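Student: Predicted model, plus sequence, below.
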Amino acid sequence: NAGVTQTPKFQVLKTGQSMTLQCAQDMNHEYMSWYRQDPGMGLRLIHYSVGAGITDQGEVPNGYNVSRSTTEDFPLRLLSAAPSQTSVYFCASSYSIAGAYEQYFGPGTRLTVT
Amino acid sequence: KNEVEQSPQNLTAQEGEFITINCSYSVGISALHWLQQHPGGGIVSLFMLSSGKKKHGRLIATINIQEKHSSLHITASHPRDSAVYICAVGGATNKLIFGTGTLLAVQP
């Protein structure tokens, strides 16, 4: 299994540009999430999905869209990039064990918006 | 006040030392997670705990549900243990709340 994969690993955007961060998992996990990691702060949840066709907002959803057309893929779209979106983005998938969720993280995408 | 607090924020140890990192939380949880992140690297799940104690190699994680407190111990520390250790708590909805991490440096 490849686990959770993310592309690209690095990206530089200009303010106003749009792009999609890709995330895929091959473990047939129902749950997938997007987080951003900023210096001095814990990871923060952007959007999450509990299964194909079902998505919901997390703590910091503004400026981002998601969709989940298949169990495997969960892309994150930046609609109009802003410098405040400079961050490291992690995708994660998880499955339930007796009411708790075992987490698997992707390698991350480092995004810089100039 | 953050819902998940870790201490210390930074820790420097000599190779071979016994290390303890603490995590306190203020919300009800289904499980507590300990994660490891090497510099510039991805995040790896070390433990998921609902009660008691778990051990994996030189790493031990404990949780006291009544006290809302968990500890991560590293025995016989090694420079390759140098990383950020992150505590996260999750409830029934699978939304995790993360601590800000403990930066550990183990010197040879």
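Tutor: Sure thing, it's come through.
Student: The helix or strand harbouring A:T5 and chain B, are they touching?
Tutor: Using DSSP states H and E, the element containing A:T5 is strand A:4-7. No - Strand A:4-7 lies out of reach of chain B by CB under 8 Å from any CB of the partner chain, never closer than 8.9 Å. Backbone N, C-alpha and C define where each C-beta goes, glycine included.
Student: ditto for stretch A:93-103
Tutor: Yes - against chain B, stretch A:93-103 shows contacts by CB under 8 Å from any CB at A:94, A:96-103.
Student: And that stretch, end to end?
Tutor: End-to-end distance for stretch A:93-103: 6 Å, by CA to CA, to the nearest Å.
Student: Against B:I74, how distant is B:L11?
Tutor: Here B:L11 is placed at a distance of 10 Å from B:I74 (CB to CB, to the nearest Å).
Student: scratch that, A:S67 is what I was asking about
Tutor: A:S67 is 41 Å from B:I74, by CB to CB.
Student: What parts of chain A come near chain B?
Tutor: Of all the residues in chain A, those lying near chain B are A:31, A:33, A:40-45, A:48, A:50, A:58, A:90, A:92, A:94, A:96-108, going by CB under 8 Å from any CB.
Student: Just the pLDDT for B:K1.
Tutor: Looking at B:K1, its pLDDT stands at 65.
Student: Pull out the buried positions in stretch B:101-108.
Tutor: Within stretch B:101-108, the residues scored as buried using 16 or more other CB atoms under 10 Å in any protein chain shown are B:101-104, B:106.
Student: Which parts of chain B are strands?
Tutor: For chain B, the strands defined by DSSP state E occupy B:4-7, B:10-14, B:19-25, B:31-37, B:43-49, B:52-56, B:59-64, B:69-74, B:83-90, B:96-98, B:102-107.
Student: out of these, nearest to A:Q25?
Tutor: Closest to A:Q25 of the strands of chain B is strand B:43-49 (CB to CB; 14.0 Å).
Student: if we look at the closest one, which residues are touching it?
Tutor: Residues outside strand B:43-49 that contact it (CB atoms under 8 Å, 6 or more residues apart in numbering or on different chains): A:90, A:92, A:97, A:100-105, A:108, B:31-37, B:54, B:56, B:59, B:61-63, B:70, B:72, B:85-86.
Student: Can you show me the CA trace of the strand holding A:T5 as PDB?
Tutor: This file holds the C-alpha atoms of strand A:4-7, laid out as PDB (Å, rounded to 0.1, in the frame of the first residue of the first chain):
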ATOM      1  CA  VAL A   4      -1.700   8.500   1.900                       C
ATOM      2  CA  THR A   5      -0.100  10.400  -1.000                       C
ATOM      3  CA  GLN A   6       0.000  14.100  -1.600                       C
ATOM      4  CA  THR A   7       1.000  16.200  -4.600                       C
END
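Student: Of the contacts of strand B:43-49, grab the buried ones for ChimeraX.
Tutor: Per 16+ other CB under 10 Å, the buried members of these correspond to this ChimeraX selection:
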select /A:90,92,100,101,103,104,105,108 /B:31,32,33,34,35,36,37,54,59,61,62,63,70,72,85,86
